[in-house]
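K.L.:
Following is a predicted model, sequence given first.
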Amino acid sequence: MRKSITVKTSQREELIDITNLVNSVVQESGIQNGLVSLYAQGATAAIMIQENWDASVRTDVINCLQKLIPRGVWLHDRQDGNGDSHLKSGLVGPSETIPLIDGKVGLSTWQNLFLCEFDGPRTERKIVCTIIEDTSSSCQIGR
Amino acid sequence: MRKSITVKTSQREELIDITNLVNSVVQESGIQNGLVSLYAQGATAAIMIQENWDASVRTDVINCLQKLIPRGVWLHDRQDGNGDSHLKSGLVGPSETIPLIDGKVGLSTWQNLFLCEFDGPRTERKIVCTIIEDTSSSCQIGR
Amino acid sequence: MRKSITVKTSQREELIDITNLVNSVVQESGIQNGLVSLYAQGATAAIMIQENWDASVRTDVINCLQKLIPRGVWLHDRQDGNGDSHLKSGLVGPSETIPLIDGKVGLSTWQNLFLCEFDGPRTERKIVCTIIEDTSSSCQIGR
């Protein structure tokens, strides 16, 4: 089962919590066990699993990546001015795969799912959610 | 088929080889071909595939990440003192997906599977292993 | 369905576009919907999804990683002289999972699939492509 979710971003760089949106897709699917694959379409976006207890971690992620990969010093900046955005997206990566356990995304207490925007604002960022059912008879063994 | 494995960690930051534990889950499943998905539950842990010929690479990973993401300088440190741990986990990422080939995890000779501990020691770190069988008739073609 | 693709690399560090090779495997499989899992075998290689509009981004990736993870300063260099290669591979990661949508790899316009070579040149780098079919009746819902 596959469904795309879209989010709007409002800053050049930010982390948007998509956990509830992904949970809705999972519920709609009715699938109980298997894998949830998330894929961010867009070469200046990414998916990161990160803590969401407070907003500080999200800000730290943006600040950390800005320090590691500064803006305006890359060859690609001569074309688009977003060389840093591509580098951040490639390093963080657009895909994450999470277990689906008894109808719920198998995150731990403090893990949430985030779209990373590295070249916003954008009116529409698209994340493809693919849910693959585990139909093996033993899928509940050893939880 | 899904099974969680748990490991105990003894340092704040370390890489624990979980290859043998994952191999045991694969053997127990009896599944021969498909995908093995690993997922580290915990917002200060991660999964890394890395060489294990000697311990030096594991130490290099810890030192490298400490240099790139220093301790004690993040907004989140005011809450928990582990801002660096979250950043490292987010960047390395909690999920890896490896092919299952003829009953064996499709690692190359020098690749092993590691849990990255970035905020230990912990009595229990949990990694969810999900094995999805490839039931297509052509799964052995073109190995 | 699984098939390995191989590429030859000609420099110590470079990004090789494997999108067309992966597309061929997908076409050969005849599978329309599901997941495409890519896995680079080799502890000094990785898979990165990155823009391919011009060559500048590929060069920026190599330069950025060389700056973040310099050569010759790691413990492992005493054994192999390729400590930086292992660190880069571990951080970028050998696996990416992309949705398969109506017979096509679900990349966006500017996303391409790259093998990252961090310790070449090599006569053969092997990438395992595993395609898992989504057989659920609702797989086309909500595209």
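P.N.:
On my side now, so go ahead. Numbering: from 1, shown residues only, chains lettered A, B, ... in the order given.
K.L.:
ok, the residue nearest the centre of chain A - contacts?
P.N.:
Nearest residue to the geometric centre of chain A (C-alpha atoms, centre = their mean): A:I47, 2.4 Å. The contact partners of A:I47, by C-beta atoms under 8 Å, 6 or more residues apart in numbering or on different chains, come to A:38-40, A:92-96, A:113-116, A:127. Where C-beta positions appear, they are placed from N, C-alpha and C, glycine not excepted.
K.L.:
In a strand, it, correct?
P.N.:
Yes - assessed with DSSP: H, G, I helix; E, B strand; the rest coil, A:I47 lies in a strand.
K.L.:
Enumerate the beta-bridge partners assigned to it.
P.N.:
Under DSSP bridges, the beta-bridge partners of A:I47 are A:L115.
K.L.:
Equivalent analysis for A:I5, please.
P.N.:
When assigned by DSSP bridges, A:I5 has beta-bridge partners A:I127.
K.L.:
Looks like it contacts A:I127 (just checking).
P.N.:
Yes - at 5.2 Å, A:I5 and A:I127 qualify as touching, with contact defined as C-beta atoms under 8 Å.
K.L.:
quick one: A:I98 and A:K104 touch, right?
P.N.:
No - A:I98 is beyond contact range of A:K104, at 10.1 Å (criterion: C-beta under 8 Å).
K.L.:
Who has more neighbours out of the two?
P.N.:
Higher neighbour count among A:I98 and A:K104: A:I98, with 24 against 14, using other C-beta atoms under 10 Å in any protein chain shown.
K.L.:
separation between that one and chain B?
P.N.:
6 Å (C-beta to the nearest C-beta, to the nearest Å).
K.L.:
is it true that that residue lies in a strand?
P.N.:
Yes - counting by three-state DSSP, A:I98 is found in a strand.
K.L.:
Pull the contacting residues for it.
P.N.:
A:35-36, A:38, A:49, A:105-107, A:113, B:39, B:95.
K.L.:
if we go to 10 Å?
P.N.:
Residues near A:I98 by C-beta atoms under 10 Å, 6 or more residues apart in numbering or on different chains: A:22, A:26, A:35-38, A:49, A:105-107, A:111, A:113, B:37, B:39, B:41, B:94-95, B:128, B:130.
K.L.:
The closest residue to it other than its chain neighbours bridge partners, please.
P.N.:
The shortest distance from A:I98 to any residue other than its chain neighbours is 4.8 Å, reached at A:V36 (C-beta to C-beta, 6 or more residues apart in numbering or on different chains). Taking DSSP bridges as the rule, A:V36 bridges to A:I98, A:I131.
K.L.:
My guess is A:V36 contacts A:V128. True?
P.N.:
No - judged on C-beta atoms under 10 Å, A:V36 makes no contact with A:V128 at a distance of 11.1 Å.
K.L.:
ok, those two, which is more surrounded?
P.N.:
A:V36 (26 against 21).
K.L.:
and the more buried one, how far is that from B:Q66?
P.N.:
A:V36 is 32 Å from B:Q66, where distance means C-beta to C-beta, to the nearest Å.
K.L.:
in what helix or strand does A:V25 lie?
P.N.:
Counting by DSSP states H and E, the element that carries A:V25 is helix A:19-29.
K.L.:
ok, and does that helix reach over to chain B?
P.N.:
No - if you take C-beta under 10 Å from any C-beta of the partner chain as the test, helix A:19-29 misses chain B, and the best it gets is 12.5 Å.
K.L.:
tell me, what's touching A:I5 and A:I127 both at once?
P.N.:
A:18, A:21-22, A:25, A:38, A:115.
K.L.:
so which pair among those residues is furthest apart in space?
P.N.:
A:V25 and A:L115 (13.9 Å; C-beta to C-beta).
K.L.:
if you go through chain A in chain order, where are the helices?
P.N.:
With helices called from DSSP state H, chain A shows them at A:19-29, A:56-68, A:83-92.
K.L.:
any chance of those helices in JSON lines, with mean neighbour count, distance to C:W74 and mean pLDDT too?
P.N.:
Putting the helices of chain A into JSON lines (neighbours: other C-beta atoms under 10 Å in any protein chain shown; distance: least, C-beta to C-beta, whole Å; pLDDT from 0 to 100) gives the following:
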{"stretch": "helix A:19-29", "mean neighbour count": "17", "distance to C:W74": "37", "mean pLDDT": "98"}
{"stretch": "helix A:56-68", "mean neighbour count": "20", "distance to C:W74": "18", "mean pLDDT": "98"}
{"stretch": "helix A:83-92", "mean neighbour count": "25", "distance to C:W74": "19", "mean pLDDT": "98"}
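K.L.:
Mind putting the ones you listed into JSON lines with distance to B:Q11?
P.N.:
Compiled in JSON lines, the helices of chain A are given as follows (distance: least, C-beta to C-beta, whole Å):
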{"stretch": "helix A:19-29", "distance to B:Q11": "31"}
{"stretch": "helix A:56-68", "distance to B:Q11": "22"}
{"stretch": "helix A:83-92", "distance to B:Q11": "26"}
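K.L.:
Check whether A:A46 really touches A:P94, as I assumed.
P.N.:
Yes - A:A46 lies in contact with A:P94 (C-beta under 10 Å); the separation is 5.5 Å.
K.L.:
Neighbour count: those two, which is higher?
P.N.:
Taking neighbours as other C-beta under 10 Å, A:A46 and A:P94 compare with A:P94 leading, 28 against 25.
K.L.:
Please give me every residue in contact with the closest residue to the more buried one other than its chain neighbours.
P.N.:
In space, A:P94 comes closest to A:A40 once its chain neighbours are excluded; the distance is 4.2 Å by C-beta to C-beta, 6+ apart. Applying C-beta under 10 Å, 6+ apart, one finds that A:A40 lies in contact with A:7, A:18, A:46-48, A:89, A:92-96, A:115-117, A:125-128, C:49, C:108, C:111.
K.L.:
how long is stretch A:31-51 end to end?
P.N.:
The first and final residues of stretch A:31-51 sit 26 Å from each other (C-alpha to C-alpha, to the nearest Å).
K.L.:
any idea of the mean pLDDT in it?
P.N.:
In this model, stretch A:31-51 has a mean pLDDT of 98.
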